[in-house]
Each structure stands twice: as structure tokens, then as C-alpha cells.
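Participant: take a look and give me a structure for this.
(chains A and B)
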Amino acid sequence: MNGKNKRFVLMGASASLLIASIAGTHWAMSHTVPHTAEQLKAFHEVFMEQVRIGDLLFHGDEETQKTLGVNLSNTGMACAMCHPFASDNHPYEFPKFQEQMNEFATLRDMINWCIEKPNQGEKIDPDGPAMKALEAYIYWSNRGSVLDPGRH
Amino acid sequence: MKRCERHEMDKELCKPGVHPDRSLDITRRIFLHKTLLTGTMVGAAAYGFFPLLNTIDIAGAATGENFKFAWISDTHLYPRELNERFVEKTIRAISEVKAMDPPADFLIFGGDLAQLGDPVELKLGAELLKDLDIKQVFIPGEHDWYLDMGDLWEKQFGTSPWKFDHKGVRFIGLNTIGQAPDYWSAKKMTPKERMGHMATLDGSVAGPWAGLGHEQLKWLSDALSDWPKDKPVIIFSHNPLYEYYPPWNFWVRDWREVHEIVKPYKNITNIHGHTHQILYNEIGAMRSIGMLATAWPWPYAPEGVPHLTKPMIRVDPGDHFDGLGWSKFTVPAGAMAENEYVMWRKTKDLFAEAAVDSGAGDNVNQELHPRTADKIWPY
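Facilitator: Purely as a prediction, here's the structure:
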């Protein structure tokens, strides 16, 4: 196992431990007492780690794709080439009728369409870790936007 | 607040009454010709102020010499076996330039021929361009340069900056990409890593790399010094010579100095690549026109789109030719260039009437931030 893979495994393990400890000790109380600063920091770290992995995938990082067993492009195209800063993704518009697909679509459907069509890559599991990370990055990059589902 | 008021550049340069010479108002002249040719009245409002579209061949209609030239840039070629589409689009642009009648006097290639500066990519580009038997001049883009610091590019396509005079116009080609501050030595990056960061438009590692640098600014000043102030000058650059959106290097960092140098010239146009989108701006007395790419389009940046730009309608991601293309310029005697965007779009509509159609206003809510992945430094 190379250094990067090890890092991924370690990060995954620490995230699981963190979630387990939060679930075991504080989860039941989470809506009855205020969260502690440590808890909030831990939640945020779990989220930002997904954002970071999503950022790497979005920019075509080969190691990350290999680690997660996905192939987002066969042409050298990466998501960020048409969507720098995840701009023009409009995650706040989904679900909506998506013209190119000629069907009602979620953001995950659209991500898979982009992987398959412009990127000429291989569709990913809509509930898998790569999709969740991509979604985290796209939403985080568009934070501050107003929800406007259905807008075209 | 108007976009024009956002930037220091605009505060300094958007002074009331300062603009390019209106006698060169290209669109109006095109309308006059259209009206004469068709015998009908044409509504100016339908086309707005933008200098482009439907260039008519006016050869012989005016005194003096008229000529055409063509611009292709941002082909971003990968090796052929990796990305056939980029090759196909480059070939399409080249064959369309080749088919111009009357032919273009020359082709300016505006940079980013290659995607990762790989010798295979640069040689592929050179091979494809051989099909064109008109004069060709080149300026580099950052994607051509940062694997070997421009070594192969300069051997294959010559050095820049350069200048030449052609039929009453002084043409200048700049190198706006080769003066990046050294972000690689201290971090002991391999050439491939250096190139990778440079090739990431929204990356934060390469920093504000676009600029002319002190020596080239002096060169520019000298290159203009013997040219009459009222005679036409066209400056080719990969990056725009104004401040549009620094985080994506949609600028040159020394735009202030550039402007000081060109200020005395009344008849000056900057034609640039890099931004992969329709753009128009006036900076003091200089007009600036952004070119299309052949590889892929960029969305308009979250802020800083010049208020004089009539943005293009957003592209269809399902059509890999949409929003892309090249430009054809007609230079009538004693006036500036008319630009015709040759956009490979299935419909004739290029320009958005509403922000919702261009996406130009879609990203204004974004909180701008350095890349998350860049913050965790692997070196």
C-alpha cells in the first residue's frame, strides 16, 4: 500500500471512530442540549474531509479515483475544466427537468450524465463514496446560494 | 453597484468621455453596408453595440488595402489517442480558416495549443497546423510552457514578444504567460507537478502568474515609439490586458503599466485568448476583444465581467462543439478590425438578452475561497 492510500485508510478509520464515539456518547442528547464546540468542530471536519476528496475528484486527481475505484473520464477532461470553482453547476436548481437528459433529474443524475457524456468516463454508484464527496464539494462551493428547485 | 465600479482599474480608467475613437464604431459601419446592400432599414437595437457578426467583404469598396486575418487559440491538445474530440475541433478550425475566400493574409495562434506542454501535444499541434499554407504567427499560453519552461515551444514556434507591420497596421504579439513568480523551486516540484498546477484554472498554487514583466513592458514601449499615435495598432496577448478576474488570471497583473504605455495611441485594439468566451471591454482608449476556444468554454467568472460585454448564451454541454470556434477579422483601410465570431453553434443566437440565458449572474453568490485540496499541501 503506498503512502497516499495509507493516508486515505487512516483518515477513513479516524472518521469512523469519531462518528462511533459521537454516536455512542452524545448522539441521543444532540437535540436536547447545545452542541459543544468540540462536537461542532468534529462534525465540520468530517464534512470538510468529504469536500476535500470531492475537490480532488472534481479536478481529476488520479490517485483519489484509483483509491475510490472510479474512472470519471477517459479523455483527460475533468469536471473543473468546464466548472472552475464549481461554477455553473447550479446545485440549488435540482431536482428539475434536465433538457439534455430529457427527464426529471437530481443533482446526482446530472453528475453521472456529465461523467458519461462530456467526460466520456464511467458512471459511478449514485450512493457511493465518490458521489457523496462530489456532491459535498459542489454544494459547499455554492453555499450562500438560494434554493430554487425546478428552475431551468 | 455597477460592475464597472468594482475594480481599481475601472476607478482609474472608466473616466467620463474616455473611450476608443467613435469614428471607428464598427457595428454602425456594418449596418450602413447592410442597409445599402439590402435596400431595407435595419434596426440597430437588434444588434446592440457589439462589434462582430456577419462581417461583409468590403474589398474594393474602400480606398487603400483591405485584408483579413484569422485567430485560433486554446485548442488544448492532448495526445491524439487520449482525446480525439480536441483534435477534431482543431482540424475543423484549421479547415475553416483554409476555406476563407478571399484568404486570410495570416493566422495568429493565440496560445494553449497543448494541454500539458507535452512534446507529443505540441508536435501534434504543429503537424495539424501544417495543413494551412498561409503565414502563421504564434504567442504562447501557460499550457504550452510550464513543463519545460517554453523550451520546445520557442524552438517550434519562435520567441515572443514580436512585432510586424502589415498594410498600415502595426501588429504586436506578447508573451503574458512566461513571467510567473517561482512557485515550484522551494517546493521541489517536478516539471509535471509545476505544469499541473499551472493547468488548473481555479487552483491557488500558481498564483497571479499572468503579466508582461519589466523587460517586456520596456520592449512594448520601444515597439510603439516609432509608430504614429493615430495609426492602427493591434496587440495580441494570451491573457486580457485588463483586470477581469485575477483568481483565474483573467488579467495581467501589470495592466496599469500596460495602460500607461498605450495611452497616447488613439487606435488600439487588444485581441486575447485564455478566457474561452465572448468578451468586450474598453479600457481608456483601448478596446479589448476576447476570443473563443476550440477545446471547451469557460463560464463567466463570479464577478468582474466587463459591463460592455454582451455575454454569450450558455453552452449546451451535450454538444461538444457548442460555444466554441475561432475568429475572422476584416481590416478595412484606415479603420480597425471587424470581428466575426465563427461559433460552432447549431442556432444563430450568440448573445443573451437576459442574465438567466448567459449564466453571467449565476455565480455571484459564491463565497470565493482557495481550493480546499490546495490547503493541505502534499510537499
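Participant: for the host helix or strand of residue B:282, packing partners?
Facilitator: In the assignment (DSSP states H and E), residue B:282 maps to strand B:279-283. Counting contacts by 3 or more C-beta pairs under 8 Å, 6 or more residues apart in numbering or on different chains; DSSP states H and E, strand B:279-283 is packed against strand B:286-290. In this view, the C-beta of every residue, glycine as well, is placed from N, C-alpha and C.
Participant: how about residues contacting whatever helix or strand comes next after the strand it packs on?
Facilitator: For strand B:286-290, the following helix or strand on the C-terminal side (DSSP H and E) is strand B:325-331. With contact meaning C-beta atoms under 8 Å, 6 or more residues apart in numbering or on different chains, strand B:325-331 is reached by B:55, B:57-58, B:66-72, B:93, B:96-97, B:100, B:104, B:167, B:169, B:232, B:271, B:291-292, B:294, B:337-345.
Participant: give the pairing partners of the helix or strand following strand B:325-331; include direction for each.
Facilitator: For strand B:325-331, the following helix or strand on the C-terminal side (DSSP H and E) is strand B:338-343. Strand pairing for strand B:338-343, determined by DSSP bridges: strand B:325-331 (antiparallel).
Participant: need the residues of chain B near chain A, please.
Facilitator: Contact residues (C-beta under 8 Å from any C-beta of the partner chain) of chain B with chain A: B:78, B:82-83, B:85, B:115, B:200-203, B:247-248, B:296-299, B:301-302, B:314, B:316-318, B:320, B:359, B:362-363, B:365-368, B:371-373, B:376.
Participant: of those residues, keep whichever come out buried.
Facilitator: B:78, B:82-83, B:85, B:115, B:200-203, B:247-248, B:296-299, B:301-302, B:314, B:317, B:320, B:359, B:362-363, B:366, B:371-373 (16 or more other C-beta atoms under 10 Å in any protein chain shown).
Participant: what segments of the chain are helices?
Facilitator: Let's take chain A. A:3-25, A:37-58, A:62-68, A:79-82, A:107-116, A:129-141 (DSSP state H).
Participant: I was after chain B.
Facilitator: Under DSSP H, chain B gives helices at B:8-13, B:26-38, B:84-98, B:119-129, B:151-157, B:191-198, B:213-225, B:255-262, B:355-358, B:372-375.
Participant: I'd like the average pLDDT over stretch B:66-73.
Facilitator: Averaging pLDDT along stretch B:66-73 yields 93.
Participant: tell me the strands beside the strand holding residue B:282, with direction?
Facilitator: strand B:286-290 (antiparallel).
Participant: and the strand it pairs with, C-alpha only, in CSV?
Facilitator: Presented in CSV, the C-alpha positions along strand B:286-290 are these (Å, rounded to 0.1, in the frame of the first residue of the first chain):
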residue,chain,number,x,y,z
MET,B,286,-8.1,50.8,-26.0
ARG,B,287,-10.7,48.2,-26.9
SER,B,288,-10.3,44.6,-26.0
ILE,B,289,-11.9,41.6,-27.6
GLY,B,290,-12.0,38.1,-26.0
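Participant: pLDDT at residue B:360, what is it?
Facilitator: 79.
Participant: quick one: it from residue A:82, how far?
Facilitator: 16 Å (C-beta to C-beta, to the nearest Å).
Participant: how about stretch B:157-171: buried residues?
Facilitator: B:157, B:160-163, B:169-171.
Participant: actually stretch B:114-121, sorry about that
Facilitator: Here stretch B:114-121 shows B:114-118, B:121 as buried, counting by 16+ other C-beta under 10 Å.
Participant: coming back round to it: from the buried residues of stretch B:157-171, which is closest to chain A?
Facilitator: residue B:157 (22.2 Å; C-beta to the nearest C-beta).
Participant: wait, the closest one sits on residue B:138?
Facilitator: Yes. The criterion here is C-beta atoms under 8 Å, and residue B:157 meets it with residue B:138 at 3.9 Å.
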